[in-house]
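**Q** Structure for this input, please:
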Amino acid sequence: MIDAFIFSGFVIFLYMNALFALASIKKDNSIIDIGWGLGFVVVAWTTLLAFGELSTRQAIATALVTAWGLRLAIHIYLRNKGKDEDWRYQDMRKKWGKWAIVYAYFKVFMLQGALMWIVSLPIVHINSVAANGRSWLIGLGVLLWVFGFFMETVADYHLTQHINDSKKKGLLTTGVWAYTRHPNYFGEAVQWWGIGLIALAAVTTWNPLELTECGWWVLIGPLAITILVRFVSGVPLLEKKYDERNTKEWQKYKKGTPIFIPKLWRNKS
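**A** Okay, here's the model as predicted:
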């Protein structure tokens, strides 16, 4: 497991450097958003090929990570196609001035690479431990992943349709967006908790010193992505954006709809 973890770190380092080079040539750091999901696909397949024995658990988990990463990358690519660099990265360029390239390397690409390394812990563990383990836990993890994938995919689809429909203006507050203000980020986090459960299926000891056999610590991965999207880069940025606009529609939506974890009922209005 230690070898696989070091190996995955090296793969991510090379991958992020390649992305940085491409972004520098195109002068568009928002390429990292497309590369985020694809990076996990790269980690999943390289660790499977290098350490895996293609057990049922490894095949399932690698397929799930691949489906998530490819869908996310394609979605963001189509969303950004033909557009200028995302406003967040434009703001960073202005803020960093002449040091923009240096800061982008460390604060965007290397930082996200480090986060990718942590979040990918479950799939790295799965692909370096051949045992299938508890089938019921694998099944539970798959069901949880499917629920998260449904939430994220439907949320992104509805949002894209809403933005592209010239007749629809204002906030999207219907469908899965009626249950939580950020169903796409919630779905992303849930999917990684599903992968985490699949990783736990082969745990044989809860002793943290037994790194190969003990796998509970791989839940640091899902915990990290949850904290990241809920408290750092995802939800807070969008909440701040709409708070600054401070429209009546936003205040009503904000008051009646949970910020992250969905409620079990819909607003009547």
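**Q** And for L121, the neighbour number?
**A** The local packing of L121 (other C-beta atoms under 10 Å) involves 25 other residues. Quick note: C-beta positions are derived from backbone N, CA and C, even for glycine.
**Q** Need the pLDDT of it.
**A** On pLDDT, L121 comes in at 94.
**Q** correct me, but it touches V218?
**A** Yes: the pair formed by L121 and V218 meets the contact definition of C-beta atoms under 8 Å, at 4.6 Å.
**Q** overlap in contacts of these two?
**A** Contact criterion C-beta atoms under 8 Å, 6 or more residues apart in numbering; residues shared by L121 and V218: A199.
**Q** Poorly predicted segments of the protein, please.
**A** Along the chain, the model assigns pLDDT under 70 to residues 166, 204-215, 265-269.
**Q** The lengthiest helix in it - contacts with which helices or strands?
**A** Using DSSP state H to define each element, the chain has its longest helix at helix 135-164. Helices and strands touching helix 135-164, as assessed by 3 or more C-beta pairs under 8 Å, 6 or more residues apart in numbering; DSSP states H and E, comprise helix 56-80, helix 183-200.
**Q** what angle do the shortest one and helix 56-80 make?
**A** Between the axes of helix 183-200 and helix 56-80, defined by axes from the mean of the first three to the mean of the last three C-alpha atoms, to 10 degrees, the angle is 160 degrees.
**Q** between helix 183-200 and helix 135-164, how many degrees?
**A** 160 degrees.
**Q** name the element the nearest residue to R93 once chain neighbours are set aside belongs to?
**A** Using C-beta to C-beta, 6 or more residues apart in numbering and skipping the chain neighbours, the partner closest in space to R93 is A100 (4.8 Å). Using DSSP states H and E, A100 sits within helix 100-103.
**Q** Which strands or helices does that helix pack on?
**A** Using 3+ C-beta pairs under 8 Å, 6+ apart as the contact criterion, the secondary-structure elements in contact with helix 100-103 are helix 87-96.
**Q** returning to that earlier point: which positions within the helix holding A100 qualify as buried?
**A** A100 (16 or more other C-beta atoms under 10 Å).
**Q** what's the spacing between it and its chain's center?
**A** Here helix 100-103 is found 24 Å from its chain centre; the criterion is C-alpha atoms, centre = their mean, to the nearest Å.
**Q** again, but for stretch 176-194
**A** 11 Å.
**Q** and what of stretch 242-256?
**A** Taking the mean C-alpha point of stretch 242-256 and that of its whole chain, the gap between them comes to 26 Å (C-alpha atoms, centre = their mean).
**Q** With stretch 62-70 instead?
**A** Centroid displacement of stretch 62-70 relative to its chain, using C-alpha atoms, centre = their mean, is 11 Å.
**Q** same question, stretch 154-168
**A** With C-alpha atoms, centre = their mean as the basis, the distance from the averaged C-alpha position of stretch 154-168 to the chain average is 21 Å.
**Q** Name the residues that touch it?
**A** Under the criterion C-beta under 8 Å, 6+ apart, external residues in contact with stretch 154-168 comprise 75, 79, 172, 174-177, 183-184, 187.
**Q** do that again at 6 Å, thanks
**A** 75, 172, 175-176, 183-184 (C-beta atoms under 6 Å, 6 or more residues apart in numbering).
**Q** And stretch 7-16, by the same measure?
**A** By C-beta under 6 Å, 6+ apart, the surrounding residues in contact with stretch 7-16 are 39, 42-43, 46-47, 109, 113, 116-117, 124.
**Q** mind running it again at 8 Å?
**A** Taking contacts as C-beta under 8 Å, 6+ apart, the residues outside stretch 7-16 that touch it are 35, 39, 42-43, 46-47, 50-51, 109-110, 112-113, 116-117, 120, 124.
**Q** hey, C-alpha coordinates of that stretch in CSV?
**A** Listed next in CSV are the C-alpha coordinates belonging to stretch 7-16 (Å, rounded to 0.1, in the frame of the first residue of the first chain):
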residue,chain,number,x,y,z
PHE,A,7,3.5,5.7,-6.9
SER,A,8,0.2,7.5,-7.2
GLY,A,9,1.8,10.7,-5.9
PHE,A,10,4.5,10.5,-8.5
VAL,A,11,1.8,9.9,-11.3
ILE,A,12,-0.2,12.9,-10.0
PHE,A,13,2.9,15.1,-9.9
LEU,A,14,3.7,14.3,-13.6
TYR,A,15,0.1,14.7,-14.6
MET,A,16,-0.2,18.1,-12.9
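**Q** Understood, closing this out.
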